[in-house]
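Chemist: below: sequence and its predicted model.
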Amino acid sequence: MAGISIRAVEKAYGAVRVVHGIDLEIAHEEFVVLVGPSGCGKSTTLRMIAGLEDISGGDVWIGQTRVNDLPPRKRNISMVFQNYALYPHMNVRDNLGFGLRIAGQSPQVVTERVNEAAGILGLSELLDRTPAELSGGQRQRVAMGRAIVRHPDAFLFDEPLSNLDAKLRGQMRAEIKKLHQKVRTTVVYVTHDQVEAMTLADRIVVMRDGHIEQVGTPMQVFNHPVNTFVATFIGSPPMNLLPAVIHEGQVLLRDGSLVPVPARLRAKTHEGQDVVLGIRPDDICPVGHGLGETDEGTDIALTVDLAEPLGMESLIYTSIAGQEVQAKLYGPRIVQASETLSFRLALDRAHLFDAATTRSLDVL
Amino acid sequence: MSRTAIPVRTADRPLPRPPLKKRAQAFGLWLLTFLLMVIMCVPGLWVVLSAFRPNREILAKPPIWVPETLTLNNFAKIFGIGQDQVAIPVLAYFSNSLIIALTSTVIALIIGMSGGYAFARYRFRFKGGIFLGLMLFRAVPGIALSLPIFMVWSRLGLIDAKLGLIIVYISLNVPFTIWLIDGFFRQIPMSLSEAAQVDGCTRWQAFWKIEFPLARSGIAAAGVFAFLTSWNEYALASQLTRSTDSKTLPVGLMDFTAQFTIDWAGMCAMAVIIIVPALIMTFLVQKHLIAGLTFGGVKG
Ligand SMILES: Nc1ncnc2c1ncn2[C@@H]1O[C@H](COP(=O)(O)OP(=O)(O)O)[C@@H](O)[C@H]1O
Ligand SMILES: [Mg+2]
């Protein structure tokens, strides 16, 4: 049983603070993904959990132990690095068994555990090769194997898939998920890729500039972003944002057109309030060509600038109130540029953000 | 019609040229390498050849290119075997050279490894300045330091002592070993040591089990260079040594010069004795040396 508890943790390099007092409780066996743009402090946070970076302030607990002052080897965690960090002078077998041998396990136990891990990850045929003789995906698997042989309390992953091509990345993503279902160990996984975050996580932690912006399940973060940053960072293509003002109970867009305020937010708006209307491409669809029909919608005529057919769906570039907006169209309908269509905005899934603070009116 | 003809021709024409040009280039390169090799090797070969010839053949005019008589007499003389002996304590010189070169190399390597690792892995104050200082120190010709060293050493009683030369050679070699080994540790990603530490190693264990084996070729290369520098050094050794207690082989070579004559044959034989251990040493670590000298080209 080991969860991880991060309490008011800070990191400063000299006078430069890069992690500003973050709090996070990670449950036993939970798969938590830290996601955010590059440079936001994800790796630093992960490395503080691993013990590879000093903790400037606050505490990190693994299980019942405060680990601030423990070296990495005493934290009973394992880590998969972005560049895999396989030992180039050892074959796969020795790479996998290295940690066990350091821990003084008997040769039988080492062999047993190495074979077990190799079996789980499909490495049994490759045990005598050196890392240089492996493909990217195989190296990735060895790195994961090295992490699981020691049966640690937690796995830490730092952008493990970013060196793989798109196809392999998809495969390995699925393998990581399966692996977690098999070995059920606490996982902290760092990525800048929101798709990885959405697909892998039990809970997503969205970070920006050394702060945690939002913590929640993938669906919570996707459906209820707390601010415009999370709204545009999670989801692809990103949520459309339209600056507007509340006027007589309606949302007044920049070109003077009016959209009703979503019913659930009516009580939270006031006359003259500067807001940002947020609506995902999936929630702007030509009438009859959306996925989920909505009870609360408003129709708006839009001219298509460009349509990208993607097979089952098309991505449509258009503009609302003079601002470029992306919309979706499902089904076999083909649209042409400069065609004007009636689109329905699904207002029950639209968001309003305070223009000044960028925070969602849902959480205010 | 001409539409198809033109692209075919333009595509065709440049084709036969590059191979010709390339072959010419390759031949030019080979010739240049060969000439350089000749320039570098012929004097060495001449020395080796002369070591096995009698003095009169060496000094013959016009020169005798192809040896008429080959003899081991020159070596026998040096080692005091046979009738005519040269009174030169080669064995003492040899052991002095070996002790001085090996000791200073080992110590320069230890310092080079610690220093190189520190420069590659740690941040500390004045890092850039210290590094530059080390490199600049190496730019000073050793002989320019001989007088100050002589004065200090004579106060300390280090003249004509092996220890004196050992210290000098260590300080000559350390900047170089640090520089070379630093480069090698830089090539090894930090994450390897970190992975080892997460895997249960102390930092010290991670160094010996992961980083040291990976930098071994660089360390071997640094070692060979340090050894050769100490082994061949003449200028400073000639100032700081007096007797068989500390004289090294290169200094011993001068024993063959008398006031009016030079025993070329003996000198060449002794030169061969100096060259052979250096060659053996270089061959032993050759594999590492090549990997070491082309570092950066090998990727994991
Ligand atoms: N050793 C260091 N010294 C100074 N600043 C650093 C150091 N390591 C990282 N940083 C800074 O800390 C911030 C967070 O880095 P990092 O955690 O690696 O970001 P991420 O993994 O989210 O891309 C970055 O702005 C980076 O420049
Ligand atoms: Mg990172």
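Modeler: Now that the structure is in, tell me what you want to look at. Ligands and ions are numbered 1, 2, ... in the order given.
Chemist: please point out which parts of stretch A:155-166 sit buried.
Modeler: A:Phe155, A:Leu156, A:Phe157, A:Asp158, A:Glu159, A:Pro160, A:Leu161, A:Leu164 (16 or more other CB atoms under 10 Å in any protein chain shown). C-beta: built from backbone N, CA, C; applies to glycine.
Chemist: list the contacts of the last one.
Modeler: Contact partners of A:Leu164, counting by CB atoms under 8 Å, 6 or more residues apart in numbering or on different chains, are A:Gly136, A:Gly137, A:Gln140, A:Met172.
Chemist: do the same with the third one
Modeler: A:Phe157 makes contacts with A:Met79, A:Val80, A:Ile176, A:Val187, A:Val188, A:Tyr189, A:Val190, as judged by CB under 8 Å, 6+ apart.
Chemist: now the strands for chain B?
Modeler: Counting by DSSP state E, chain B has no strands at all.
Chemist: which helix runs longest in it?
Modeler: Criterion DSSP state H: the longest helix present in chain B is helix B:17-51.
Chemist: which strands and helices sit next to that one?
Modeler: Helix B:17-51 is packed against helix B:264-284, with contacts defined by 3 or more CB pairs under 8 Å, 6 or more residues apart in numbering or on different chains; DSSP states H and E.
Chemist: how about the residues of the stretch 1-150 of chain B by ligand 1?
Modeler: For the stretch 1-150 of chain B, the contact set with ligand 1 under CB under 6 Å from any ligand atom is empty.
Chemist: low-scoring stretches of the stretch 1-150 of chain B, by residue?
Modeler: Residue ranges of the stretch 1-150 of chain B with pLDDT under 70: B:1-18, B:82-87.
Chemist: in it, which residue sits closest to ligand 1?
Modeler: B:Arg123 (8.2 Å; CB to the nearest ligand atom).
Chemist: ok, that residue to A:Gly14 distance?
Modeler: Separation of B:Arg123 from A:Gly14 (CB to CB, to the nearest Å) stands at 10 Å.
Chemist: once you drop chain neighbours, what's closest to A:Glu308?
Modeler: Distance criterion CB to CB, 6 or more residues apart in numbering or on different chains; nearest residue to A:Glu308, sequence neighbours excluded, is A:Leu315 at 4.4 Å.
Chemist: which residues does the one you found bridge with?
Modeler: A:Glu308, A:Lys328 (DSSP bridges).
Chemist: which residues are in contact with it?
Modeler: Counting by CB under 8 Å, 6+ apart, A:Leu315 has contacts A:Pro237, A:Pro281, A:Ala307, A:Glu308, A:Gln326, A:Ala327, A:Lys328.
Chemist: just the buried residues out of those, in PyMOL syntax.
Modeler: Here is the PyMOL command that picks out the buried ones among the contacts of A:Leu315, judged by 16+ other CB under 10 Å:
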select buried, chain A and resi 281+307+326+327+328
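Chemist: buried stuff in the longest helix of chain B?
Modeler: Neighbour counts over helix B:17-51 (16+ other CB under 10 Å) mark B:Val47, B:Val48, B:Leu49, B:Ser50, B:Ala51 as buried.
Chemist: from those residues, which single one is nearest chain A?
Modeler: Taking CB to the nearest CB as the measure, chain A lies nearest B:Val48 of the buried residues of helix B:17-51, at 38.6 Å.
Chemist: thought B:Ile273 was touching the closest one, still the case?
Modeler: No - B:Val48 is not in contact with B:Ile273 according to CB atoms under 8 Å; the separation is 11.1 Å.
Chemist: what is the mean pLDDT for stretch B:208-227?
Modeler: The average pLDDT within stretch B:208-227 is 91.
Chemist: could you dump it to PDB, C-alpha only?
Modeler: Output of stretch B:208-227 as PDB, limited to C-alpha atoms (Å, rounded to 0.1, in the frame of the first residue of the first chain):
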ATOM      1  CA  TRP B 208      31.700   2.500 -11.000                       C
ATOM      2  CA  LYS B 209      29.000   0.300 -12.400                       C
ATOM      3  CA  ILE B 210      27.700   2.500 -15.200                       C
ATOM      4  CA  GLU B 211      29.600   5.700 -15.900                       C
ATOM      5  CA  PHE B 212      33.100   4.300 -15.500                       C
ATOM      6  CA  PRO B 213      32.700   1.400 -17.800                       C
ATOM      7  CA  LEU B 214      31.200   3.600 -20.500                       C
ATOM      8  CA  ALA B 215      34.000   6.200 -20.200                       C
ATOM      9  CA  ARG B 216      36.700   3.500 -20.100                       C
ATOM     10  CA  SER B 217      37.900   4.000 -23.700                       C
ATOM     11  CA  GLY B 218      38.400   7.700 -23.000                       C
ATOM     12  CA  ILE B 219      40.200   7.000 -19.800                       C
ATOM     13  CA  ALA B 220      42.400   4.500 -21.600                       C
ATOM     14  CA  ALA B 221      43.200   7.000 -24.300                       C
ATOM     15  CA  ALA B 222      44.100   9.600 -21.700                       C
ATOM     16  CA  GLY B 223      46.300   7.100 -20.000                       C
ATOM     17  CA  VAL B 224      48.200   6.300 -23.100                       C
ATOM     18  CA  PHE B 225      48.800   9.900 -23.900                       C
ATOM     19  CA  ALA B 226      49.900  10.600 -20.300                       C
ATOM     20  CA  PHE B 227      52.200   7.600 -20.300                       C
END
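Chemist: if anything else comes up later, I'll come back, but that's it for now.
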